[in-house]
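**Q** Below are the sequence and a predicted model for it; my questions follow.
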Amino acid sequence: MNIEDLKNYGIDVNDGLSRFMNNAAMYEKFLAKFSQNDTYPQLKQAIENKNPEEGFFHAHTLKGVCGNLSFSELLVPLNELVEYLRAGNIEDAPKLLEAVTEKYNLTKQGLELYFSQK
């Protein structure tokens, strides 16, 4: 698997590389660090606790990380969740989180596969 294959996992590699000045080593370094990021579990916990303010904080943080790494498919449902929580809503957040979780897992799977073959 090469870095271009990550597009099959919702990652816009070309955009990501451009954000890192086409420095593939630096981009890979930050991609590898994503698995250590604990924002998603914190987001999930905030939604389970029905806390829209904390949920918004974690969703917005995760959105920034995903945007910087060009996780384009994950950004779509994440943007929707961020705006929902920004408005102080929480009731439908678990349903919106399901869509985020699906894309989060896809992205994480691709990264794990990529780095396991390096």
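**A** Now that the structure is in, tell me what you want to look at.
**Q** Tell me the secondary structure at V82.
**A** At V82 the chain is in helix, as set by DSSP: H, G, I helix; E, B strand; the rest coil.
**Q** Verify the contact between it and F57 for me.
**A** No: with the criterion set as CB atoms under 8 Å, V82 and F57 do not qualify as a contacting pair; they are 10.1 Å apart. C-beta coordinates here come from the backbone N, C-alpha and C atoms, glycine included.
**Q** Which one of the two is surrounded by more residues?
**A** Neighbours around V82 and F57, counted as other CB atoms under 10 Å, are more numerous at V82. The numbers are 23 against 16.
**Q** Chain neighbours aside, what residue packs nearest to that one?
**A** Beyond its immediate neighbours in the sequence, the residue positioned closest to V82 (CB to CB, 6 or more residues apart in numbering) is A59, lying 4.7 Å away.
**Q** ditto for N51
**A** Nearest non-adjacent residue to N51, counting by CB to CB, 6+ apart: I90, 7.4 Å away.
**Q** Also E80?
**A** Nearest non-adjacent residue to E80, counting by CB to CB, 6+ apart: L96, 5.9 Å away.
**Q** Quickly note the distance from the one you found to D5.
**A** The span separating L96 from D5 equals 29 Å under the rule CB to CB, to the nearest Å.
**Q** neighbour count winner among the two?
**A** Remark: of L96 and D5, L96 carries more neighbours, 21 against 14, as counted by other CB under 10 Å.
**Q** What does the pLDDT read for that one?
**A** The predicted local confidence for L96 comes out at a pLDDT of 98.
**Q** and it, helix, strand or coil?
**A** With three-state DSSP as the criterion, L96 was assigned helix.
**Q** Does it touch V82 like I think?
**A** No: applying CB under 8 Å, one finds L96 not in contact with V82, separated by 9.5 Å.
**Q** Now do stretch 102-111: distance to the chain's middle.
**A** Here the centre of mass of C-alpha atoms in stretch 102-111, compared against the chain's by CA atoms, centre = their mean, to the nearest Å, lies 8 Å away.
**Q** Thanks again, I'm all set now.
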